[in-house]
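> generate a structure from the sequence data that follows.
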Amino acid sequence: MKKRAIIFVIDACGVGSIPDYKEFDESHYAHTLKNTCKYAYENMGGIKLPNLQKLGIANIDELPGIKALEKPIASWGKMNELNKAKDTITGHWEMVGIKANRPFPYYPNGFPQEIIDRFVAETNCAGVLCNSTASGTTVINEFGDEHKATKKPIIYTSADSVMQIACDVDVIELETLYQWCEIAREIMRQEHEVARIIARPFKLNEYYNPEGTKAADMKYVRIGDKRHDYSVLPHGKSVLETVVENGGEVLGLGKIEDIFAGVGISKNIHTKNNLDGLEKLYEVLKDKNKNHNQVIFINLVETDSNYGHRRDPEGFAKALEEIDAYLPKILAELNEDDIFMISADHGCDPTAEGSDHTREHVPIIFYNANLPAQDLGVRNSFADIGETILKWFELTDNAIEIKAESLFA
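Below you'll find the model as predicted:
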């Protein structure tokens, strides 16, 4: 068997504001992980993360209710973001050595009328609903009934540079939604070139109960595995491409293929939710009959989309516990030919004001069965992940723009 490198992204799990956070319209220091743990400690009887604790998560920073260990089994630290952003695309790009060469536009007041008029004209849709910043799970319930009556797509944006288009699949066919997104992608070019156009299909919640709580109180729910992102092409070459060029394979799980517009991705497995992603990762790791090097890149999105943006620290805590509980199965499938790196793409503090991402450092946990655990400190860039992969596979590539340092000597 050849070597493997696993990048395990817990979406939005930041570990403290980067010093320039006020430049991103943030007035207060954020710390997604600490504040989530603090909320759980004060309101839920604590948070149970024994496996992340063994890996050194509480050695990165003080976490209420979780003790730092004298000898974690993995190396630990945090990483600074070089890209001047706090979004999904730039976070993932930087992990594999891509520097964003221009800022993506954001639309906190909704999209310009000329953009909306052109979209309506080119799609021949009945008009649009919302056209504002919104939480995706909230907006479909706010406008779902009107959408059903009018067949107008729900268009909204967020803290990311993104246009999201939501339709009920029983009202607008899925393929039509995808076609509308492709049209929007071509409209949103040049000065309006947002990082992503996202198709957000949804449906009536079969468990809907107006008197219920949590999931049952939502009349409409998103269909996670039918989401599709139409991303800009990466602004530079990535470590993923280098791996493929040298006979390796890059396997994405979740939204990884969409984030990189397919560039450098050999194969992608779409996932319905975090648990589905964890189960599919486990099945992939069980297959050790590989005659080539392999990068496995997974994003677990629910911490961000379902709980960070909705400012739900209880949900965020429970999502972390779900991930933690699955880790022993994953770790059991790793051997000395595998490196396992846990990180995040940005922050989204569920206790912060508003609903935006937060400009934070991200954690880095680095595990290999034979390499000693150590304090990795504060790294200069997320790109240390990519440099670590190159070193692990004994590769070099001068075309990678961000020069970084490996996590192991």
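> hey, let's count contacts and neighbours off CA atoms from now on
Will do.
> got the contact list for Q374?
A74, S75, W76 (Cα atoms under 8 Å, 6 or more residues apart in numbering).
> quick check, the first one in contact with I365.
Yes: taking contacts as Cα atoms under 8 Å, A74 lies within contact range of I365: 6.5 Å.
> overlap in contacts, those two.
By Cα under 8 Å, 6+ apart, A74 and I365 have these common neighbours: L55, G56.
> quick one on the thing from earlier: can you put the contacts of Q374 in TSV and add secondary structure?
Shown next, in TSV, are the contacts of Q374 (DSSP: H, G, I helix; E, B strand; the rest coil):
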residue	secondary structure
A74	coil
S75	strand
W76	strand
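> buried residues in stretch 218-225?
Residues of stretch 218-225 classed as buried: M218, K219, Y220, V221, R222, G224, D225 (neighbour count, 16 or more other Cα atoms under 10 Å).
> same question for stretch 335-344.
D338, I339, F340, M341, I342, S343, A344.
> got TSV for the residues you listed, with distance to D87, secondary structure and pLDDT too?
Output for these, formatted as TSV (distance: Cα to Cα, whole Å; DSSP: H, G, I helix; E, B strand; the rest coil; pLDDT from 0 to 100):
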residue	distance to D87	secondary structure	pLDDT
D338	28	strand	98
I339	26	strand	98
F340	23	strand	98
M341	20	strand	99
I342	18	strand	99
S343	14	strand	99
A344	11	coil	98
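> from these, pick the one nearest T88.
Proximity of the buried residues of stretch 335-344 to T88 (Cα to Cα) peaks at A344, which lies at 9.3 Å.
> who's in contact with the closest one?
With Cα under 8 Å, 6+ apart, A344 has these contacts: V9, I10, D11, A12, C13, G14, G91, V362, P363, I364.
> among those residues, which lie within strands?
Members of the contacts of A344 lying in strands (criterion: DSSP state E): V9, I10, V362, P363, I364.
> can you pull the phi/psi pair for G347?
When quoted as degrees, to the nearest 10, the phi and psi of G347 stand at phi -110, psi 160.
> that one against K86, yeah?
Yes: look at G347 against K86 with Cα under 8 Å: they come within range, at 7.4 Å.
> any common contacting residues for these two?
Common contact partners of G347 and K86 (Cα under 8 Å, 6+ apart): H357, T358, R359, E360.
> pick out whichever of G347 and K86 has more residues nearby.
More neighbours surround G347 than the other of G347 and K86, with 29 against 25 (other Cα atoms under 10 Å).
> what's the pLDDT at the more buried one?
With respect to pLDDT, G347 has a value of 98.
> tell me the buried residues in the helix or strand where N141 lies?
In this structure, N141 sits in helix 136-150 according to DSSP states H and E. Neighbour-count burial for helix 136-150 flags G136, T137, V139, I140, N141, F143, G144, H147 (criterion: 16+ other Cα under 10 Å).
> and the second one, how close does it get to Q164?
Distance check for T137 against Q164: by Cα to Cα, to the nearest Å, it reads 12 Å.
> can you check the fifth one too?
Per Cα to Cα, N141 is found 15 Å from Q164.
> dump the C-alpha coordinates for the top helix by length along the chain into CSV.
Taking DSSP state H as the criterion, the chain has its longest helix at helix 313-332. Extracted C-alpha coordinates of helix 313-332, given in CSV (Å, rounded to 0.1, in the frame of the first residue of the first chain):
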residue,chain,number,x,y,z
PRO,A,313,-24.1,27.0,20.3
GLU,A,314,-26.0,24.0,21.7
GLY,A,315,-26.3,22.5,18.2
PHE,A,316,-22.7,23.3,17.5
ALA,A,317,-21.7,21.5,20.7
LYS,A,318,-23.7,18.4,19.8
ALA,A,319,-22.3,18.3,16.3
LEU,A,320,-18.8,18.3,17.7
GLU,A,321,-19.8,15.5,20.1
GLU,A,322,-21.1,13.5,17.1
ILE,A,323,-17.8,14.0,15.3
ASP,A,324,-15.8,13.1,18.4
ALA,A,325,-17.8,9.9,19.0
TYR,A,326,-17.0,8.7,15.5
LEU,A,327,-13.2,9.4,15.6
PRO,A,328,-12.2,6.0,17.2
LYS,A,329,-13.5,4.1,14.2
ILE,A,330,-11.5,6.4,11.9
LEU,A,331,-8.3,6.3,13.9
ALA,A,332,-8.5,2.5,14.0
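> what's across from the nearest residue in space to Y29 that is not next to it in sequence in the sheet?
Excluding the flanking residues, the one nearest Y29 by Cα to Cα, 6 or more residues apart in numbering is S17, at 5.7 Å. Under DSSP bridges, the beta-bridge partners of S17 are E360.
> in three-state terms, label I296 for me.
Assigned with three-state DSSP, I296 falls in the strand class.
> okay, now it: neighbour count?
With other Cα under 10 Å as criterion, I296 counts 21.
> tell me the contacts of it?
Contacts for I296 (Cα under 8 Å, 6+ apart) come out as R4, A5, I6, I7, V250, L251, G252, L253.
> let me know the pLDDT of it.
The predicted structure scores I296 at 98 on the pLDDT scale.
> any chance of CSV for the buried residues of stretch 218-225, columns pLDDT, secondary structure and distance to K272?
Putting the buried residues of stretch 218-225 into CSV (pLDDT from 0 to 100; DSSP: H, G, I helix; E, B strand; the rest coil; distance: Cα to Cα, whole Å) gives the following:
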residue, pLDDT, secondary structure, distance to K272
M218, 83, coil, 18
K219, 91, coil, 19
Y220, 94, strand, 16
V221, 91, strand, 12
R222, 92, strand, 10
G224, 82, helix, 5
D225, 84, helix, 4
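> leaving aside the residues adjacent along the chain, what's closest to I73?
L55 (5.2 Å).
> starting at the chain centroid, how far to the strand ranked longest in the chain?
The longest strand of the chain (DSSP E) is strand 196-204. Distance of strand 196-204 from the chain centroid (Cα atoms, centre = their mean, to the nearest Å) equals 16 Å.
> that strand to helix 136-150, inter-axis angle?
Put simply, strand 196-204 runs at 70 degrees to helix 136-150, going by axes from the mean of the first three to the mean of the last three Cα atoms, to 10 degrees.
> average model confidence for strand 196-204?
Averaged across strand 196-204, pLDDT comes to 95.
> so which elements touch it?
Using 3 or more Cα pairs under 8 Å, 6 or more residues apart in numbering; DSSP states H and E, the elements in contact with strand 196-204 are strand 162-168, helix 174-187, strand 220-222, strand 228-231.
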